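> using only what follows, build the 3D model:
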Amino acid sequence: MQLTKENLLAFYQTMVTIRTFETKAAELFAAGKLPGFVHLYIGEEAVATGVCANLTAKDYITSTHRGHGHLIAKGGNVDLMMAELYGKATGYCKGKGGSMHIADVDLGILGANGIVGAGQPIAVGAAFACKYKQSGAIAACFFGDGASNRGTFHEAMNLASIWKLPVVFVCENNMYGISNCQRDHMNICDISDRAAAYGVPGVTVDGNDVVAVYEAAAEAAKRARSGDGPSLIECKTWRWRGHFEGDPATYKNPEEQKTWIGKDPIPRLAQKIVELGHAADADLAAIADAVKARVAAAVAFAENSPDPLPADVLTDVYA
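Numbering: from 1, shown residues only. Now for the predicted structure:
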């Protein structure tokens, strides 16, 4: 598959936007400006970027508690995202959802989710609707390695397989379920092996290589759109931060941490772009500067937005 200069530069801009947004969120949380928890996506940017580049506006995604990257890659508005993190009335959920519940149905973003593995059956339901309505749309389901141990994963894979639903299961194997390393909570190396139990294709790719992720997702999306059913893609990557901001992550091996940070997906893509002659270092720096200004504007938007009113405490609350 031949990717164009425009493809690669778009990947770069999306990945830098995710990194910049998350880095700023870390700073703001440490400064006490963001209420609640935040779970950051730093180091995993290539996964959301490579998958969502294969989706259209009418396609759906389900996300996780670590969902900021998915939302940005699917086209989410960073102003509304930042306002939601601040708990402001202008946020995606009018300040009532916070980091873990951002949704934008008009963009096919069916929500981040604070419950591990909860997005899997939602994605299957969305895929069923796509097939029933013959809309041509598909669903992409992001989840972590720990969520592949849950019953929801196996139920979702089974039903999607039986009914050949147009869904792409994307396991972001960042090696840790909260503080448990993958080798301590499952007796296999590759989570993609679990696809065989349901008679669907399973593949493992380097989750820090956006091109590898894009190509695997392209094949899975093509299969889903053609009516051949689901696929499972395992993207091996690394969670740079703790499970949540404030978690010191003392359970990690420092050498493993150092090795994985050396595989940072953003400089890897930058090197490829420069080597192909698609852009110079100065061009990439200009993109990063523009993104930094965009995120700064999102912070200003959030800080100048009103708080929700007490009278609206029960508005838009359904359960």
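
> okay, now Lys222: neighbour count?
Per other C-beta atoms under 10 Å, the neighbour tally for Lys222 reads 13. Every C-beta, even on glycine, is put in place using the N, C-alpha and C of the backbone.

> what about it, which SS state?
helix (DSSP: H, G, I helix; E, B strand; the rest coil).

> distance of it relative to Pro201?
Per C-beta to C-beta, to the nearest Å, Lys222 is found 11 Å from Pro201.

> so which residues of the chain form helices?
Under the criterion DSSP state H, helices of the chain are mapped to 5-30, 45-52, 68-73, 78-86, 119-133, 151-162, 182-185, 210-225, 254-261, 265-275, 281-303.

> how about the contacts made by Ile188?
The contact partners of Ile188, by C-beta atoms under 8 Å, 6 or more residues apart in numbering, come to Arg194.

> tell me the contacts of Phe21?
Phe21 sits in contact with 68, 72, 78, 81-82, 295, 298, where contact means C-beta under 8 Å, 6+ apart.

> cool, and Ala57?
Going by C-beta under 8 Å, 6+ apart, Ala57 touches 75, 107-108.

> same question for Glu245.
Contacts for Glu245 (C-beta under 8 Å, 6+ apart) come out as 25-26, 29-30, 37-40.

> for Val210, see how far away it is.
As judged by C-beta to C-beta, Glu245 and Val210 stand 25 Å apart.

> equivalent analysis for Gly75, please.
17 Å.

> which one's more surrounded, these two?
The residue with more neighbours, out of Gly75 and Val210, is Val210; 29 against 15, by other C-beta under 10 Å.

> tell me the contacts of the more buried one?
If you count contacts by C-beta under 8 Å, 6+ apart, Val210 has them with 11, 15, 45-46, 49-50, 265, 269.

> now do 6 Å
11, 46, 49-50, 269 (C-beta atoms under 6 Å, 6 or more residues apart in numbering).

> which outside residues touch stretch 4-13?
The contact list for stretch 4-13 (C-beta under 6 Å, 6+ apart) reads 49, 210, 269, 273, 278, 287.

> pLDDT at the first one, what is it?
This means Thr49. pLDDT for Thr49: 98.

> give me the distance between it and Thr237.
Distance of Thr49 to Thr237, computed by C-beta to C-beta: 12 Å.

> hmm, back to that, now, which of the contacts of Phe21 sits nearest Asn54?
Ile72 (15.8 Å; C-beta to C-beta).

> distance of the closest one relative to Ala126?
Per C-beta to C-beta, Ile72 is found 20 Å from Ala126.

> ok, Asp247 next?
The gap separating Asp247 from Ala126 is 32 Å, by C-beta to C-beta.

> who has more neighbours, these two?
Per other C-beta under 10 Å, whichever of Asp247 and Ala126 has more neighbours is Ala126, with 25 against 14.

> can you name the residues bridging to Thr62?
Taking DSSP bridges as the rule, Thr62 bridges to Cys141.

> how many residues are close by it?
29.

> picking up where we left off before, dump the helices of the chain into CSV; add distance to Lys58 as well.
CSV is the format used below for the helices of the chain (distance: least, C-beta to C-beta, whole Å):
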stretch, distance to Lys58
helix 5-30, 19
helix 45-52, 13
helix 68-73, 16
helix 78-86, 20
helix 119-133, 9
helix 151-162, 19
helix 182-185, 34
helix 210-225, 11
helix 254-261, 35
helix 265-275, 27
helix 281-303, 26
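
> what about those helices, which gets the closest to Cys141?
Of all the helices of the chain, helix 119-133 sits nearest to Cys141, with 3.5 Å by C-beta to C-beta.
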